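A.B. asks: for reference, the sequence and a predicted model appear below.
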Amino acid sequence: MESHWLPGIESGMSPVAAVVIYSSIASGMITLTGVVFSLAFVMVQFSAIAYSPRLVLWIARDRVLWHSLGTFTATFLYSLAAIAWLDRNRSGKVPFFSGWLVILLLLASVAMLVALIERISLFQIRRMLAFTGSTGDA
């Protein structure tokens, strides 16, 4: 659709290279999402044994956890959509904005991964006890 609305703006990349890049990003994002959230949910399950139920709810309702899931999923789905709409009219051109949006979503996913790692580090017992003491939540 982008090539229909903005026909003069193209990236200069070949469609084959774009498919390789987009599919690499999509496959990497679905793998990352599976691994990160498997580990996060195992940590929540382990936390249910080690911490109080209110702290487990705090962990399960954490916005960074769910926003990172949304960002990872959006990157995966948009990469697949970009592959599906790539070179539909056999022009040999790759749309400019779609390619850069995939890259921007990838960078946003990396930023969310860093934020998620920082947030998961709060789940250590020492830090969780400090958090509990400062908020009086447990």
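C.D. replies: Okay, I see it.
A.B. asks: what about T31, how many residues close to it?
C.D. replies: 11 (other Cβ atoms under 10 Å). C-beta: built from backbone N, CA, C; applies to glycine.
A.B. asks: now A17
C.D. replies: Neighbours of A17 (other Cβ under 10 Å): 12.
A.B. asks: what mean pLDDT does the helix or strand containing I103 have?
C.D. replies: Per DSSP states H and E: I103 is located in helix 96-121. Mean pLDDT, helix 96-121: 89.
A.B. asks: now swap in stretch 78-89 and tell me
C.D. replies: 84.
A.B. asks: can you check which helix is longest in the chain?
C.D. replies: When the chain is parsed with DSSP state H, its longest helix is helix 15-50.
A.B. asks: packing partners of that one?
C.D. replies: Packing partners of helix 15-50 (3 or more Cβ pairs under 8 Å, 6 or more residues apart in numbering; DSSP states H and E): helix 53-60, helix 63-84, helix 96-121.
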